[in-house]
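Engineer: model this:
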Amino acid sequence: MDELTAFTHAYDGERLSAVGAGPAGRATALLLHGAGNGSKERLLPFLADFAAQGCRALAFDFSGHGESTGALADLSLRRRYEQAVALLDAHAPADDPLVLVGFSMSGQTVADLVRHYGRRVESVGLCAPAVYTPEAWDVPFGTGDGRFSALIRTPDSWRQSPALEAFRAYEGRAVLAVPGTDTVVPPEVTHAVEEALSTRARCTRLELPDAEHMLGLWFRDHAEDRREFVRALLDGGPTAGRAGQARERASTA
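Structural biologist: The predicted structure is shown next:
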């Protein structure tokens with residue numbers, strides 16, 4: 001197993017706690033945790049898996065999460081995007097292809113990064129992804145009873161998300177991991193993300209019938225499914241793990 005190296009990255013008054021594995025080579029993979037009590041810790045097994053495939057792999061705690069400084073209430077979708085860009089620009093070789101993996105809220109962050117890095121993004125992995133109204137992008141998360149929460153809880157507000165436009169324009173490889181039970185992200189959102197990715201990308205849907213929304217925990221505890229997800233991201237094509245069922249949708253473009 002490749003050794004994990006812990007480091008910190010200073011950005012905009014915060015110190016972001018991060019970890020990396022593997023040498024520069026095939027690509028740089030960035031893994032992004034979800035909201036709430038999410039952190040990089042549950043994603044660490046992925047780093048060794050990507051490193052074993054010849055990739056440099058990175059994960060970090062967004063400010064207000066895990067071992068990073070800052071207050072979660074001050075975080076926003078915009079700040080999440082900016083922190084991810086700052087880490088990649090500092091710690092990924094400038095010409096490296098990028099593999100972007102996002103869990104839950106970080107589905108939106110992956111889309112923002114796809115818009116920023118364009119064709120440099122080789123693969124995207126989305127695990128029970130969420131996308132949000134553009135009105136919420138710059139609003140601090142607060143404590144659950146403020147404007148951000150009101151915006152994202154407005155019925156169908158996600159339908160105007162620029163994330164869907166970004167996924168429709170994306171032409172690389174995509175893997176969408178879908179749990180059998182998801183009480184957080186509505187099935188309509190998952191369907192819209194899949195339809196958007198299937199416009200131009202080579203999109204594989206990896207179904208995990210026994211899993212629930214927190215796929216970081218599922219993949220942490222189910223190594224075969226995790227490695228199948230990594231192989232699908234790097235090698236493409238339909239795959240099928242022990243518990244997962246995968247199928248590839250042809251581009252409709």
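Engineer: and the helices in the protein, which stretches?
Structural biologist: For the chain, the helices defined by DSSP state H occupy 44-52, 77-91, 106-117, 147-152, 162-169, 187-197, 215-221, 223-235.
Engineer: let's see stretch 200-216 as CSV, backbone CA atoms only.
Structural biologist: Presented in CSV, the C-alpha positions along stretch 200-216 are these (Å, rounded to 0.1, in the frame of the first residue of the first chain):
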residue,chain,number,x,y,z
ARG,A,200,-21.8,13.7,-24.4
ALA,A,201,-19.9,11.8,-21.7
ARG,A,202,-19.3,8.1,-21.6
CYS,A,203,-21.4,7.5,-18.6
THR,A,204,-21.5,4.3,-16.5
ARG,A,205,-24.2,3.9,-13.8
LEU,A,206,-22.9,1.8,-10.8
GLU,A,207,-25.9,0.6,-8.8
LEU,A,208,-25.3,-0.4,-5.1
PRO,A,209,-28.6,-2.0,-4.1
ASP,A,210,-27.7,-2.5,-0.4
ALA,A,211,-26.1,0.9,0.1
GLU,A,212,-27.7,4.1,1.5
HIS,A,213,-26.9,7.8,0.8
MET,A,214,-23.6,8.0,2.6
LEU,A,215,-21.6,6.2,0.0
GLY,A,216,-18.3,7.3,1.5
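Engineer: thinking again about what came up before, quick one: which of the helices of the chain is nearest Thr133?
Structural biologist: Thr133 lies closest, by Cβ to Cβ, to one member of those: helix 147-152, at 5.7 Å. Where C-beta positions appear, they are placed from N, C-alpha and C, glycine not excepted.
Engineer: flag every buried residue along the closest one.
Structural biologist: For helix 147-152, burial by neighbour count (16 or more other Cβ atoms under 10 Å) applies to 148, 151-152.
Engineer: and stretch 54-67, by the same measure?
Structural biologist: For stretch 54-67, a neighbour-count test (16+ other Cβ under 10 Å) marks 55-67 as buried.
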